[in-house]
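Trainee: model this:
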Amino acid sequence: MCGIVGYIGDKRAADILVNGLKRLEYRGYDSAGIALVNGELDVLKKEGKVSALAELLGEKMPSGSIGIGHTRWATHGAPNDVNAHPHVSQSGAFALVHNGIIENYDTIRERLEEKGYTFASETDTEVLANLIEDVQRSTGLPLPEAVRQALTQVSGTYGIAIVSEEDPDMIIAARKGSPLILGVGDGEYFLGSDAAPIVEHTRKVVYLNDGELVVIRRAGYEVRTIQNVKLEKEVHELEWDLERIEKQGYEHFMLKEIMEQPDALEDCLRGRVRLGQNIINLGGLIDVMDRLANADRIVIAACGTSWHAGLVGEYLIEQFTRVPVEVEYASEFRYRKPILRENDVVIVISQSGETADTLAAVREAQQQGVLVLGICNTVGSTIARETDAGVYLHVGPEIGVASTKAFSAQVLVLAMLALKMAKLRETISDDEMSECLRSLVQIPQKVRQILEQAPVIEGIAQAYRYASNFLYLGRGYNFPVALEGALKLKEISYIHAEGYPAAEMKHGPIALIDHFMPVVFIAMNDSTYNKVVSNIEEVVARKGTVIAITDNGESLNRLCEFVIRVPETHEYLTPLLTVVPLQLLAYYIAVMRGCDVDQPRNLAKSVTVE
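Mentor: Have a look, this model is predicted:
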């Protein structure tokens with residue numbers, strides 16, 4: 001959500017900034033802009049895509065070897081040229097870009113207006129710029145110190161970067177709740193909201209923590225806290241590589257990421273499962289495994305797709321360990337005054353590791369003194385650093401806004417975690433453990449088999465591309481998959497879709513069924529199969545059209561318009577297979593409707609505001 005880039009060195013900054021903004025497009029945005037220092041401050045910004053900004057800049061990029069850039073996802077004020085970032089202070093002395101929300105901006109704005117400040121935009125960011133200028137004017141402090149003192153007066157979240165006309169050898173950056181990464185090059189430095197705009201220039205990075213401010217010059221950088229304590233920061237090596245954030249011949253990142261799921265799942269499994277010994281090794285949990293195994297209750301907090309993975313995790317952990325599990329929307333968790341006890345364990349799930357609501361859940365749980373574990377994909381992310389322990393997905397960068405391979409890997413990690421806990425709690429026999437692990441390592445190859453049916457699923461999408469509503473139904477382990485399938489369709493095709501437990505259809509949604517309503521059933525040959533078939537009969541009797549995802553031979557052909565077959569596997573692993581056709585169905589329908597699959601309207605990949 002929003003993106004910041006920055007550059008200081010000896011190269012032409014505009015090229016690096018625009019290319020960096022293109023790398024950040026997947027985060028979600030509605031306008032873009034850059035600010036360059038080259039004798040004077042040059043600010044260019046434009047509503048719309050980064051390509052519109054590039055067109056504004058023209059064939060000849062402006063000169064200057066220091067600058068900042070931004071892609072904005074509107075919070076305060078409509079998407080337009082005026083509200084786009086960067087924003088300049090009233091005197092025009094410096095420019096600022098900002099991710100996050102200044103919650104007390106109204107109060108600050110009123111105070112500044114009484115002092116004679118005027119505002120061109122509706123944004124909280126311009127208020128912050130003028131607050132910094134006001135502090136500098138009233139105190140005579142250097143700009144970095146004025147920034148630090150101004151930030152002590154604001155409430156809310158921010159990731160900011162500032163360049164000044166008066167000092168062409170300085171970028172100031174700070175964060176609280178919105179990620180920033182400093183890339184360390186050879187006599188040059190890069191700034192980014194994540195690694196995407198940095199990785200092609202350097203693999204050496206410094207992760208800024210909340211409450212930290214960095215002053216970057218060509219000769220080096222200095223990090224201090226907002227309380228002005230100097231820090232020595234560790235330089236980390238990025239695990240990203242440039243090839244993995246390219247489309248590699250695919251039309252969209254989303255299709256690439258769907259298709260690379262077998263390899264992603266193998267990467268997630270690698271080194272973690274030893275079949276002959278019935279061992280699961282989750283290295284990030286070694287120091288806390290006893291506390292996890294002896295937990296009285298597990299609470300899972302997440303948002304969106306990660307919440308759906310958490311629901312699968314609830315089924316997994318309760319079945320294998322008999323430990324009660326509750327799954328919470330992270331956005332609601334801290335506001336309902338949750339009751340946590342000493343032997344509870346909170347598990348948070350986030351692909352980016354930067355989701356603001358999920359991070360708030362981490363801090364709420366830690367304040368109550370319980371063990372907090374993280375499951376995330378992004379190495380060095382805030383959640384990875386702030387949780388007590390955790391597990392990385394290791395599936396590589398996920399660029400498409402609609403999550404696919406990260407969901408599958410989250411479910412896979414939760415399955416390994418459930419089995420590991422079951423082994424320690426002695427709630428699973430050796431024979432059952434062996435069977436479960438054999439099924440686990442076969443999943444990547446079975447996903448490959450499903451992906452071979454992509455042309456068939458594309459044909460099904462052709463039949464339903466003009467539908468206005470969809471219903472997704474599943475039971476047991478596949479109820480969360482029904483929710484996830486509906487979410488995928490909503491996110492990228494803008495078709496209204498709902499997911500329900502199949503048995504709940506007759507308690508309301510059945511009123512919607514007619515021949516215009518496609519219904520997707522997940523009907524795996526498990527303990528609820530016959531019940532789901534009865535639900536399919538009910539839909540067919542009301543002239544609904546049915547698409548079935550099943551592993552049960554030919555038995556559904558007479559009832560369903562279309563049947564998509566998946567390989568058989570252990571019941572607890574079926575979500576890893578059944579979700580794949582739903583991802584492809586949503587993708588192909590969205591493409592046929594002419595939707596922007598990788599950057600759906602109004603959505604952001606990393607949701608860093610509450």
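Trainee: so which bits of stretch 537-556 are buried?
Mentor: Residues 538-540, 544-552, 556 are the ones in stretch 537-556 that count as buried (16 or more other C-beta atoms under 10 Å). C-beta here means a position set from N, CA and C on the backbone, and glycine is covered the same way.
Trainee: same check on stretch 289-298?
Mentor: Applying 16+ other C-beta under 10 Å to stretch 289-298 flags R291, L292, A293, A295, I298 as buried.
Trainee: strands - which of the residues you listed land there?
Mentor: I298 (DSSP state E).
Trainee: in TSV: the buried residues of stretch 289-298, plus distance to S534.
Mentor: Below are the buried residues of stretch 289-298 laid out as TSV (distance: C-beta to C-beta, whole Å):
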residue	distance to S534
R291	44
L292	39
A293	40
A295	38
I298	33
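Trainee: out of the buried residues of stretch 289-298, the closest to L419 would be?
Mentor: Nearest to L419 among those: A293, at 11.8 Å, using C-beta to C-beta.
Trainee: which ones are touching the closest one?
Mentor: For A293, the contact set (C-beta atoms under 8 Å, 6 or more residues apart in numbering) comprises M421, L424, R425.
Trainee: which of those residues has the largest number of neighbours?
Mentor: Using other C-beta atoms under 10 Å as the neighbour criterion, M421 leads the contacts of A293 with 26 neighbours.
Trainee: which stretches of the stretch 301-450 of the chain form helices?
Mentor: 304-321, 330-333, 356-367, 382-386, 405-425, 430-451 (DSSP state H, counting those that start in this stretch).
Trainee: for the stretch 51-200 of the chain, same thing?
Mentor: Under DSSP H, counting those that start in this stretch, the stretch 51-200 of the chain gives helices at 105-114, 124-139, 143-151.
Trainee: and those: which comes nearest Q261?
Mentor: Nearest of the helices of the stretch 51-200 of the chain (C-beta to C-beta): helix 124-139, 38.5 Å.
Trainee: what angle do the closest one and helix 105-114 make?
Mentor: 50 degrees (axes from the mean of the first three to the mean of the last three C-alpha atoms, to 10 degrees).
Trainee: how far does helix 124-139 sit from the chain's center?
Mentor: Relative to the centre of its chain, helix 124-139 is centred 32 Å away, using C-alpha atoms, centre = their mean, to the nearest Å.
Trainee: what packs against it?
Mentor: The contact analysis (3 or more C-beta pairs under 8 Å, 6 or more residues apart in numbering; DSSP states H and E) places helix 124-139 against strand 87-88, strand 94-99, helix 105-114, helix 143-151, strand 158-164.
Trainee: hmm, who's touching the fourth one?
Mentor: Outside helix 143-151, the residues that touch it by C-beta under 8 Å, 6+ apart are 94, 128, 131-136, 139, 141, 158, 160, 162, 164, 166-167, 170, 172, 174, 176, 213, 215, 224, 226, 228.
Trainee: I'd like to know which of those residues are buried.
Mentor: 94, 128, 131-136, 158, 160, 162, 164, 167, 170, 172, 174, 176, 213, 215, 224, 226.
Trainee: ok so, going back, which one of the contacts of A293 is nearest to P600?
Mentor: Using C-beta to C-beta, the contacts of A293 come closest to P600 at M421, 36.4 Å.
Trainee: just checking, R475 touches N530?
Mentor: No - applying C-beta atoms under 8 Å, one finds R475 not in contact with N530, separated by 10.8 Å.
Trainee: give me the more crowded residue out of those two.
Mentor: R475 (23 against 9).
Trainee: how about that one, phi and psi?
Mentor: Dihedral pair for R475: phi -130, psi 160, per degrees, to the nearest 10.
Trainee: show me what contacts it?
Mentor: P501, A502, A503, I522, T528, K531, V532.
Trainee: secondary structure class of the last one, three-state.
Mentor: I take that to be V532. helix (DSSP: H, G, I helix; E, B strand; the rest coil).
Trainee: which residues touch it?
Mentor: Contact analysis of V532 by C-beta under 8 Å, 6+ apart lists L473, G474, R475, A502, F521, I522, A523.
Trainee: how about the second one?
Mentor: Applying C-beta under 8 Å, 6+ apart, we find A502 in contact with L473, G474, R475, F479, A482, F521, T528, K531, V532, N535.
Trainee: name the SS class of V546, please.
Mentor: Following three-state DSSP, V546 is assigned to strand.
Trainee: and it, how far from L451?
Mentor: The gap separating V546 from L451 is 23 Å, by C-beta to C-beta, to the nearest Å.
Trainee: and F479, by the same measure?
Mentor: 24 Å.
Trainee: between the two, which one's more packed in?
Mentor: F479 (25 against 18).
Trainee: so the more buried one touches M505, yeah?
Mentor: No - taking contacts as C-beta under 8 Å, F479 lies outside contact range of M505: 11.7 Å.
Trainee: per-residue confidence at G283?
Mentor: According to the prediction, G283 has pLDDT 91.
Trainee: can you check L238 too?
Mentor: At L238, pLDDT is 84.
Trainee: of the helices and strands packed on helix 124-139, which is nearest A511?
Mentor: strand 94-99 (43.3 Å).
Trainee: CA atoms only for the longest strand anywhere in the chain, dumped as PDB, please.
Mentor: In the chain, taking DSSP E as the definition, the longest strand is strand 167-176. Taking Å, rounded to 0.1, in the frame of the first residue of the first chain, the C-alpha atoms of strand 167-176 are listed here in PDB:
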ATOM      1  CA  ASP A 167      21.200  20.400   1.100                       C
ATOM      2  CA  PRO A 168      21.600  18.400  -2.100                       C
ATOM      3  CA  ASP A 169      23.600  15.800  -0.300                       C
ATOM      4  CA  MET A 170      20.900  14.500   2.100                       C
ATOM      5  CA  ILE A 171      17.900  12.300   2.300                       C
ATOM      6  CA  ILE A 172      16.100  12.000   5.600                       C
ATOM      7  CA  ALA A 173      13.900   9.000   6.200                       C
ATOM      8  CA  ALA A 174      11.900   7.700   9.200                       C
ATOM      9  CA  ARG A 175       9.300   5.000  10.000                       C
ATOM     10  CA  LYS A 176       6.600   4.100  12.400                       C
END
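Trainee: ok, back up a step: so which of the helices of the stretch 301-450 of the chain is the most packed in?
Mentor: helix 405-425 (a mean of 25; mean count of other C-beta atoms under 10 Å).
Trainee: average pLDDT for that helix?
Mentor: pLDDT averaged over helix 405-425 gives 97.
Trainee: tell me the angle that helix makes with helix 430-451.
Mentor: 170 degrees.
Trainee: so helix 405-425 versus helix 304-321, what angle?
Mentor: Computed by the same axes, to 10 degrees, the angle between helix 405-425 and helix 304-321 is 20 degrees.
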